[in-house]
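Colleague: have a look at this fold, sequence not included:
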């Protein structure tokens, strides 16, 4: 059984930082794209950041570039999202996902975590 378990969400003030973790079990990271998505109330789920485990390359949506950093520890089957300079508009449920191959859309993801809530107060 494949499981993705996120942790690290919480309530912070604007300008502060959080680090999200996602422990993945049931698959090996080879040939998977790992990503973080988020969904704010009343909005669609959006892509945030991805890492290609084959070569470690990363991608970020424009709204988080320079503030968020994705990383993976393949030995621990864990993917992280370091979030700095948080803004109230970053408030959302953050989801970890894994997709076999190089696709990065919602439809390319094969497995999802249940999400962790991040709330940023002004």
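Modeller: Cool, got the structure. Note that this is a predicted model, so its numbers are computed, not measured.

Colleague: nearest residue to residue 110 in space, please, no chain neighbours.
Modeller: The shortest distance from residue 110 to any non-neighbouring residue, by CB to CB, 6 or more residues apart in numbering, is to residue 99 (5.2 Å). No exception for glycine: its C-beta is placed from N, CA and C like everyone else's.

Colleague: can you pull the buried residues of the host helix or strand of that neighbour?
Modeller: In this structure, residue 99 sits in strand 92-100 according to DSSP states H and E. Buried residues in strand 92-100, counted by 16 or more other CB atoms under 10 Å: 92, 93, 94, 95, 96, 97, 98, 99.

Colleague: so the second one sits against residue 115, correct?
Modeller: Yes: counting by CB atoms under 8 Å, residue 93 sits close enough to residue 115 to count as a contact (4.2 Å).

Colleague: residue 21 pairs with what?
Modeller: residue 7, residue 80 (DSSP bridges).

Colleague: count of neighbours near it?
Modeller: Each residue near residue 21 was counted by other CB atoms under 10 Å, and the total is 17.

Colleague: state the distance from it to residue 101.
Modeller: Distance of residue 21 to residue 101, given as CB to CB, to the nearest Å: 24 Å.

Colleague: give me the element the residue nearest to residue 77 when sequence neighbours are not counted is part of.
Modeller: Among residues not flanking residue 77 along the chain, residue 24 sits closest, at 4.7 Å (CB to CB, 6+ apart). Using DSSP H and E, residue 24 sits in strand 18-25.
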